[in-house]
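Visitor: From the sequence below, what's the structure:
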Amino acid sequence: MSAGGEVVEAVITPLLTPADGVPLVLSSPDDFAWAADRIAAGTGPIAIDTERASGYRYSQRAYLIQLKRADSGSFLIDPIEHPDALGPLVATLTGPEWILHAADQDLPCLTELDFQCTALFDTELAGRLLNLPKVNLAAMVAEFLQLGLAKGHGAADWSHRPLPDEWLNYAALDVEVLVELRNAMRAALDESGKLPWAEQEFAYTLSKPAPVPRADRWRRTSNIHTLRTQRQLAIVRELWIAREGIAARRDVAPGRVLPDSAIVTAAVAAPETEDALTRLPVFGGPRQRRQATTWLRAVTVARHLPDAELPPRKQAATGPPPINRWEQRNPEAARRAHEVRPTVTEIAKRHAVPTENLLAPDVVRTLCWEGLPDTGPDVVEQWLADHQSRPWQRELTAEPIAAALRRASDPPKSS
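Guide: Numbers count the residues shown, from 1 in each chain. Next up is the predicted model:
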């Protein structure tokens, strides 16, 4: 802000290329050993990013790993040809703090290559705890470092070889100032008193179990809601399963094997012959004609299923129903939600943290739906602990939630 009170916007300097140039891509066992020695000689945390080929490949493997450490420089690692030779890098990266942006996206593919993160700083999660309006990497680099990060190739097919120079430049920039960003964000967390919160969140990210795969994933087929019969749903399911097998075997994204639109079209038409199938949109193309026998077999299986084996129209509900139905189905839960949810929102507002980071929405919803036999703060705190809430979350919310639950249990005042 200027002396006259006028708001002056920060000048953002474009960051177009890495300061030391784009590093060479390292892809051989000797390359990996050399990089490991260089990184081991560096100091401080290690900035890490990965590039996958979502939308192109079935797997979520890392097709490029970007690394940077103070006094070491930047490295671009191609793990595809020699994944079994990454041992020296795995050993070097075990121990130092990793800096990742949106760690949940990168950790699985790094773990698949035997990398083990023992200490983490997640810049996206830090941004959420700081209640920033935008937590994408470019926005936070601009906010904290006044640098404009060049973007544009995140959704590219990183399984492509050789990787174009402009893609490599983009990849190297993703770790170019990640150490500096981490330092600035850590200072902001410390100043706001939220650094212990962040440290607990980072530790939880490393320790939490992998998410349970969704049941009946075929029900996520686009436009499945337009179908009206169980038989049509069965056709979708069988085609989805057949497509999934081909996609996994070829390591191709399922939508590139057969689009969802074609599956729904076939479910409506229920073709009985290959000729009828290949007259449908998409199925008449040369690639689909080669798979016509497979697709027709899936349709035929579904067409001949006994009624008792057809999938239900709707997936069996798990967890509490939508909250707008609570008043009729569980009035006590509705009263608890009426008291608890605004309480949690107010606490989040007071401490300048997103409500969903203060307590996971599913945790709040389950607590309100199920209730507790005792509304003492200790009981609430233990329940929150049993549901994976961190100490900082329980410290802020256990007593206010206990009070809210007591208010909800009070008999309604007569008019």
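
Visitor: How about the secondary structure of residue 99?
Guide: strand (DSSP: H, G, I helix; E, B strand; the rest coil).

Visitor: ok, now residue 44?
Guide: strand.

Visitor: Now do the contacts for it.
Guide: By CB atoms under 8 Å, 6 or more residues apart in numbering, the contact set of residue 44 is 69-70, 96-97, 179. In short, each C-beta sits where N, CA and C put it, glycine included.

Visitor: Could you provide these in JSON lines, with additional columns for pLDDT, neighbour count and secondary structure?
Guide: Output for the contacts of residue 44, formatted as JSON lines (pLDDT from 0 to 100; neighbours: other CB atoms under 10 Å; DSSP: H, G, I helix; E, B strand; the rest coil):
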{"residue": "69", "pLDDT": "98", "neighbour count": "25", "secondary structure": "strand"}
{"residue": "70", "pLDDT": "98", "neighbour count": "13", "secondary structure": "strand"}
{"residue": "96", "pLDDT": "98", "neighbour count": "18", "secondary structure": "coil"}
{"residue": "97", "pLDDT": "98", "neighbour count": "14", "secondary structure": "coil"}
{"residue": "179", "pLDDT": "98", "neighbour count": "18", "secondary structure": "helix"}
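
Visitor: Turn those residues into JSON lines, including distance to residue 15.
Guide: Shown next, in JSON lines, are the contacts of residue 44 (distance: CB to CB, whole Å):
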{"residue": "69", "distance to residue 15": "19"}
{"residue": "70", "distance to residue 15": "18"}
{"residue": "96", "distance to residue 15": "24"}
{"residue": "97", "distance to residue 15": "23"}
{"residue": "179", "distance to residue 15": "14"}
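
Visitor: ok, the residues you listed vs residue 49, which is closest?
Guide: Taking CB to CB as the measure, residue 49 sits nearest to residue 179 out of the contacts of residue 44, at 12.2 Å.

Visitor: List of residues touching stretch 178-187?
Guide: So stretch 178-187 is contacted by 44-45, 47, 49, 68-70, 99, 101, 121, 123, 126-127, 130, 140-141, 144-145, 195 (CB under 8 Å, 6+ apart).

Visitor: In it, which residues are buried?
Guide: 178-179, 181-186 (16 or more other CB atoms under 10 Å).

Visitor: Send me it as CSV with only the CA atoms.
Guide: Provided in CSV are the C-alpha atoms of stretch 178-187 (Å, rounded to 0.1, in the frame of the first residue of the first chain):
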residue,chain,number,x,y,z
LEU,A,178,9.7,-25.0,-4.6
VAL,A,179,12.3,-24.8,-1.8
GLU,A,180,11.9,-21.0,-1.7
LEU,A,181,8.2,-21.3,-1.6
ARG,A,182,8.4,-23.8,1.2
ASN,A,183,10.5,-21.5,3.2
ALA,A,184,8.2,-18.5,2.7
MET,A,185,5.1,-20.6,3.6
ARG,A,186,6.7,-22.2,6.6
ALA,A,187,7.4,-18.7,7.9
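
Visitor: roughly how far out does it sit from the chain middle?
Guide: For stretch 178-187, the separation from the chain centroid amounts to 22 Å (computed by CA atoms, centre = their mean, to the nearest Å).

Visitor: just stretch 48-65 next, same as before
Guide: 13 Å.

Visitor: how far does that stretch stretch from start to finish?
Guide: 7 Å (CA to CA, to the nearest Å).

Visitor: same deal with stretch 361-380?
Guide: End-to-end distance (CA to CA), stretch 361-380: 16 Å.
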